[in-house]
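1. got a sequence here, can you build the structure:
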Amino acid sequence: MSRTTPADLILNAVVLGVGMHPAAWRLRSDEAFSSLGLPFYRRLAREAEAASLHALFLADTLAVGEENFERPNLGAMDPLLALAAIAGETSHLGLVATASTTYNEPFSLARRVSTLDQLSAGRAGWNVVTTFVPDVAANFGDAPLPPAEQRYQRAEEFVDVVRALWQSWSAQALIGDKAQGIYVDKAQVRAIDHHGPHFRVRGPSTLPPSAQGSPVLFQSGASDAGRNLAARTADVVFTAQNTQDGARAFRSDVRARAREFGRDPDRIKIVPGLLPIIGGTEHEARARKDTLDALGGQAELKKLALRVGVPVDALELDKPLPVERILANDAFKGSEGFRNAALELGVREKLTVREILYRNGGGHLQVVGTPEQVADTIEHWHAQGACDGFNLMLDVLPEGLSAFGSEVVPLLQRRGLFRREPRGATLRSNLGL
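-> Numbering: from 1, shown residues only. As a prediction, the model looks like this:
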């Protein structure tokens, strides 16, 4: 396990509503709607920073259909506004906001992320996604959700425009000479004059570079087009992987593609999702999981059915996934990453649907056990080259984050696997980019 070093292991806390488990809102100690207030986000930020985690990572949702008012929406708050509100609560925690290239405009989004980057002194990141939920389209007009190929064509150009805007100011542009009356060297600021099939943007950006130069680009997508976008542009890739072999194959593939694009593959960090359900003993952890499942009713089964693209009644708890039916669904428009992760786990390990629900936490790797077992999983995956770290999909917030920070992080630190203090002042430096 010599590959693992404190400088390498990346751990980010993902905020999905009040927790990844569908029944999180029923088990948590806070009142049902406390997540709508600023104190909820302030507490998460303080706890993530105290645990030396790299970033707080906020999801985004542009429609209510997936939760259907049965639980708190996973991304009801605008991530950029929520993160801006807590920027002053922290000094080294990264602030990563998810935003779709399908239903945004590049100049507006580039400006908003740059604003967060300036307000946080260089700690902002943008998680690039394309929208795959059909319900979202009706919130932005009459046109249906574009097919995946078109969404990724737009995304490629969108990211290029945003990066060009962020690079439209040279670091040497900032003069600030009060005596001479020279604020900015205008020769060091240029328009981008972009003319493409989807966008026309003159530029330049209204804001200069931050302390980290430009915000860190995260990317979530596992299709062929998504992997190409990640390999060409991303600093960090968020992926759903349930097996080490699948994770290693994904990481190797993205790194190989990056090399083909002329990039140093060591500059791309791969972070699968990890859902830890923690107990003092394995029995206590399993009791917590069983309690959540009982409170959630069929919620996890419905989520799995949605992720793999079949009706709920097609999934029998004590039988394997109906793989042929899943793969025969030509109309599937969901996330290929989530679907493939569930299929890989079920087929490779010959699991029933019930067993998959115990291992696949909403699409991500799930570990139900003691802090030591969670730490063992993190150490083993990282040491075996399956990942560069994890995006932590906490079961219940804030309790799940508190437990991870107080019980798992110290174990990782004592093993020499995780940092005890930040590497630098910016998100880019802390990620080793």
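
2. look up how far residue 371 lies from residue 242.
-> Residue 242 sits 21 Å away from residue 371, taking CB to CB, to the nearest Å as the criterion. (Glycine included, C-beta is placed from N, CA and C.)

3. same question, residue 399
-> The gap separating residue 399 from residue 371 is 14 Å, by CB to CB.

4. before we move on, what about residue 302?
-> Distance from residue 302 to residue 371, by CB to CB: 30 Å.

5. between those two, which is the more surrounded one?
-> Taking neighbours as other CB atoms under 10 Å, residue 302 and residue 371 compare with residue 371 leading, 21 against 18.

6. tell me the contacts of that one?
-> Residues in contact with residue 371 (CB atoms under 8 Å, 6 or more residues apart in numbering) are 278, 403, 407, 408, 411.

7. nearest spatial neighbour of it, skipping sequence neighbours?
-> Of all residues not flanking residue 371 in the chain, residue 407 sits nearest, at 4.0 Å (CB to CB, 6 or more residues apart in numbering).

8. same thing with residue 128?
-> Closest residue to residue 128 apart from its sequence neighbours, by CB to CB, 6+ apart: residue 219 at 4.6 Å.

9. before we move on, what about residue 191?
-> Leaving aside its chain neighbours, residue 191 sits nearest to residue 203 (4.8 Å; criterion: CB to CB, 6+ apart).

10. pretty sure the one you found is in a strand, no?
-> No. Counting by DSSP: H, G, I helix; E, B strand; the rest coil, one finds residue 203 to be coil, located in no strand.

11. do you know the pLDDT at the nearest residue to residue 59 once chain neighbours are set aside?
-> Closest residue to residue 59 apart from its sequence neighbours, by CB to CB, 6+ apart: residue 75 at 4.3 Å. With respect to pLDDT, residue 75 has a value of 81.

12. do the same with residue 1
-> Per-residue confidence (pLDDT) for residue 1: 38.

13. what does the one 5 residues further on give?
-> The pLDDT attached to residue 6 in the predicted structure is 52.

14. got the CA positions of stretch 158-177 in PDB?
-> What follows is stretch 158-177, C-alpha atoms only, in PDB (Å, rounded to 0.1, in the frame of the first residue of the first chain):
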ATOM      1  CA  PHE A 158     -19.700  25.700 -23.200                       C
ATOM      2  CA  VAL A 159     -16.600  24.600 -21.200                       C
ATOM      3  CA  ASP A 160     -14.200  26.000 -23.800                       C
ATOM      4  CA  VAL A 161     -16.000  29.400 -23.700                       C
ATOM      5  CA  VAL A 162     -15.900  29.500 -19.900                       C
ATOM      6  CA  ARG A 163     -12.200  28.600 -19.800                       C
ATOM      7  CA  ALA A 164     -11.500  31.300 -22.400                       C
ATOM      8  CA  LEU A 165     -13.300  33.900 -20.300                       C
ATOM      9  CA  TRP A 166     -11.400  32.900 -17.200                       C
ATOM     10  CA  GLN A 167      -8.100  33.200 -19.100                       C
ATOM     11  CA  SER A 168      -9.000  36.500 -20.800                       C
ATOM     12  CA  TRP A 169      -7.100  38.500 -18.100                       C
ATOM     13  CA  SER A 170      -3.400  38.100 -17.700                       C
ATOM     14  CA  ALA A 171      -2.100  38.000 -14.200                       C
ATOM     15  CA  GLN A 172       0.100  41.000 -15.200                       C
ATOM     16  CA  ALA A 173      -3.000  43.000 -16.000                       C
ATOM     17  CA  LEU A 174      -3.500  44.200 -12.400                       C
ATOM     18  CA  ILE A 175      -1.400  47.300 -11.800                       C
ATOM     19  CA  GLY A 176      -3.200  49.300  -9.100                       C
ATOM     20  CA  ASP A 177      -0.800  52.200  -9.300                       C
END
